[in-house]
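Undergrad: show me the folded form of this:
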Amino acid sequence: MKLAFAGAGTISVVHAMAAEATESPIVAIASRTEARAAERAGQVGAEVVSFDSLPAGADAIVVCTPPDRHAVDTLHALRSGAVVMVEKPLAATLGEADALVEAGGQVLYAENLAFSPLVVATNQLVGQIGALNYIEIRQLSPRPSWGEFLDPARGGGVLFDLGSHAIALALLLAGADAPVAVEATMSHSADIEVDDTAEVFITFASGLRARIETNWTNPDAVWDIQVSSDSGVVRTELMPQPGIEHNGEPVALAPLVGVTDPQVEQLGYVDQMLTLRDVVNGVQSPIDARFGRRVLDVICAAYAAAQTEGSTVALPFAGRRDRTPHQLWSDTVGP
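TA: Below you'll find the model as predicted:
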């Protein structure tokens, strides 16, 4: 599988490590910044090309530009006949997400945690404890010091970015149980406009509740999952120390295959890249554009709910599809 990258930011380094681990050569890189494209291309032995030149002989394009570019870059890749893996969140608005779903083609939504060996094992254990009654997912981290995460034009803050992982995990753990409503509270620090603290409650059709807490104010990264039923509890820690407990007892983890950074494998990037290879070979993945739109649907509803304290927003979201999550929260662009 030959790869091309649309985007050469920090996350492209992680995808490049996963490509190396799966022996998937990167043949072309396009970026908004010529110097960054040249730097990344030099690291992986690729050619620097324009966005219009993609896929430049590649079988698949990894779209890792900012979210407000995801739709245009993915649609171009699909029109060019390439398979696409698009970074999360899927798009900046639900209207753009609709366009990606309607375009058809083969799109893998890059929710790496869906492919994490830890999360896969967690999901298997959750299937053994009976009907769920509670899910709690925490993703607490320091504020990012790179990229454009603090720019409102990107689409949103911590819930839009880091929280998209947690919402995806909640949907995966709930299985066929459909989300029907969202409540949320959000805030931002005085020196930024986007949210850096969020708490979200998702109610599912069965009555199952999921609580998601995410922030960019924690001094260290803490990512964990807890799922309970009347007969059991599964707890998983992704950071800082990977591990799983089932009813308080540690669960043995499979050995890593050996990559430059073990977290690249433990957080799902290696298996995600192997899944992309399967998609290139015609295998359908359930973690596709439709799944990415489901995640964004919950995100938009949460931002809309957070605009009014104590409000509940029904799912699927029936609000404006041309608004970014940040706009749904702040209502800065008028009617």
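Undergrad: run through the residues that contact V62.
TA: 3-7, 12, 15, 84-85, 87, 110, 276 (CB atoms under 8 Å, 6 or more residues apart in numbering). (C-beta placed from N, C-alpha, C; glycine too.)
Undergrad: again, 6 Å this time
TA: Applying CB atoms under 6 Å, 6 or more residues apart in numbering, we find V62 in contact with 5, 15, 85.
Undergrad: specify which member of these is nearest to G127.
TA: M85 (26.8 Å; CB to CB).
Undergrad: report pLDDT for the closest one.
TA: The model reports M85 with a pLDDT of 98.
Undergrad: show me the beta-bridge partners of the nearest residue to it once chain neighbours are set aside.
TA: Excluding its sequence neighbours, the residue lying closest to M85 (CB to CB, 6 or more residues apart in numbering) is L108, at 4.4 Å. Note on L108: beta-bridge partners by DSSP bridges are M85, D288.
Undergrad: wait, isn't L108 in contact with E87?
TA: No: taking contacts as CB atoms under 6 Å, L108 lies outside contact range of E87: 10.5 Å.
Undergrad: got the contact list for the residue nearest to M85?
TA: 85, 276, 279, 285.
Undergrad: rebuild those residues as JSON lines, extending it with neighbour count and secondary structure.
TA: Converted to JSON lines, the contacts of L108 look like this (neighbours: other CB atoms under 10 Å; DSSP: H, G, I helix; E, B strand; the rest coil):
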{"residue": "M85", "neighbour count": "28", "secondary structure": "strand"}
{"residue": "L276", "neighbour count": "28", "secondary structure": "helix"}
{"residue": "V279", "neighbour count": "21", "secondary structure": "helix"}
{"residue": "S285", "neighbour count": "18", "secondary structure": "coil"}
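Undergrad: wait, which of those residues is closest to Q226?
TA: Looking across the contacts of L108 and measuring by CB to CB, the closest to Q226 is S285, at 26.9 Å.
Undergrad: the closest one: what's it in contact with?
TA: 108, 275, 279.
Undergrad: and the lowest-mean-pLDDT helix or strand in the chain, what's buried?
TA: Across the helices and strands of the chain, mean pLDDT, DSSP states H and E gives its lowest value to helix 262-266, namely a mean of 89. Under the neighbour-count criterion of 16 or more other CB atoms under 10 Å, helix 262-266 has 263-266 buried.
Undergrad: which of those residues sits closest to S187?
TA: Q263 (29.2 Å).
Undergrad: tell me which stretches of the stretch 151-300 of the chain form strands.
TA: 179-187, 197-204, 209-215, 217-229, 233-239, 243-246, 249-250 (DSSP state E, counting those that start in this stretch).
Undergrad: need the residues that contact the fifth one.
TA: Okay, so that is strand 233-239. 118, 122, 125-126, 221, 223-227, 243-247.
Undergrad: for stretch 180-196, measure first residue to last.
TA: Start-to-end span of stretch 180-196 (CA to CA, to the nearest Å) is 25 Å.
Undergrad: kindly report the same for stretch 119-138.
TA: 14 Å.
Undergrad: mind listing what's buried in stretch 50-66?
TA: Neighbour count says stretch 50-66 has 51, 54-56, 58-66 buried, by 16+ other CB under 10 Å.
Undergrad: what do you get for stretch 248-256?
TA: In stretch 248-256, counting by 16+ other CB under 10 Å, buried: V251.
Undergrad: swap in stretch 37-49?
TA: By neighbour count on 16+ other CB under 10 Å, the buried set for stretch 37-49 is 37, 40-41, 44, 46, 48-49.
Undergrad: with those residues in mind, which one is nearest to H76?
TA: Nearest member of those to H76, counting by CB to CB, is V49, at 12.5 Å.
Undergrad: name the SS class of D52, please.
TA: Secondary structure assignment for D52 (DSSP: H, G, I helix; E, B strand; the rest coil): helix.
Undergrad: identify the residues contacting it.
TA: Contacts of D52 (CB under 6 Å, 6+ apart): none.
Undergrad: same thing with I11?
TA: C64.
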